[in-house]
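>>> give me the fold of what follows.
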Amino acid sequence: MTEEAKLFVGGLNFDTDEQALEDVFSKYGQIAEVRVIKDKDTMTSRGFGFITFENPEDANDAMEAMNGKSLDGRQIWVDHAETKSGGGGYGGRRGGGYGRGGGGYGPRQYESRGDSYYRGDGYSRGRGGSGYGGRNSYNQ
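Below is the predicted model:
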C-alpha cells in the first residue's frame, strides 16, 4: 500500500464514525481501512480521521470529489496524509503548536478552530500558550 492511497479527512462532525465515512467514501473504490481519531481519555472523536484505499487512483478521485463537501452538517477537507519524521516543532497562532515525532501520518499543516494544530506522529494540538509534544502524546 502506498502513502498516496491514505487520505486525511478533517472538519468531521464529532458524531461521524468509521461506518459513516466508509459509506460515503466507498463509492470511489475499495477501502482498506477507515479510522476516526479519538481522544485517548474521553474516547470521543477529535474531528478528523484517515481513509486508506486499496488503489491510489481511487484515493485521488475521492479527494477531488469530497474535498469541501458537507458531511453530517459540517464542511470537510480531504488531502493526502503525509508521513512525518524527524524532531522539532512548529509554533502556531496564539502560541499553540505541534511537534513532529518519529513517524506516522498527519495532515499537511491543517488547523482546526483557529489555534489547534495536528502533528504527524500523535495527533496532539496546542492550545493557547502551550503545546503538547513528544512521542507519548496520543500515539496511534
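>>> other SSEs contacting the helix ranked longest in the chain?
The helix spanning the most residues in the chain, taking DSSP state H as the definition, is helix 56-66. Using 3 or more C-beta pairs under 8 Å, 6 or more residues apart in numbering; DSSP states H and E, the elements in contact with helix 56-66 are strand 6-10, helix 18-25, strand 45-53, strand 77-80. Heads up, the C-betas are built off the backbone N, CA and C, glycines and all.
>>> and residue 29, how many residues sit next to it?
When neighbours are counted by other C-beta atoms under 10 Å, residue 29 registers 18.
>>> what sits against it?
By C-beta atoms under 8 Å, 6 or more residues apart in numbering, the contact list for residue 29 reads 53-55, 57-59, 61-62.
>>> for the chain, give me the ranges with low pLDDT.
1-3, 83-140 (pLDDT under 70).
>>> again, 90 this time
1-4, 82-140 (pLDDT under 90).
>>> sorry, back to before: of the helices and strands packed on helix 56-66, flag the one that's most buried.
strand 6-10 (a mean of 24; mean count of other C-beta atoms under 10 Å).
>>> and that strand with helix 56-66, angle?
Going by axes from the mean of the first three to the mean of the last three C-alpha atoms, to 10 degrees, strand 6-10 is angled at 20 degrees with respect to helix 56-66.
>>> other SSEs contacting strand 6-10?
strand 45-53, helix 56-66, strand 77-80, strand 105-106.
>>> rerun that using 10 Å as the cut-off
helix 18-25, strand 31-38, strand 45-53, helix 56-66, strand 77-80, strand 82-83, strand 105-106 (3 or more C-beta pairs under 10 Å, 6 or more residues apart in numbering; DSSP states H and E).
>>> identify whichever of these lies nearest to residue 11.
Smallest distance to residue 11 across these (C-beta to C-beta): 5.5 Å, for strand 77-80.
>>> can you redo the helices and strands packed on helix 56-66 as a markdown table with distance to residue 66?
Listed next are the helices and strands packed on helix 56-66 as a markdown table, based on distance: least, C-beta to C-beta, whole Å:
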| stretch | distance to residue 66 |
| --- | --- |
| strand 6-10 | 8 |
| helix 18-25 | 7 |
| strand 45-53 | 9 |
| strand 77-80 | 5 |
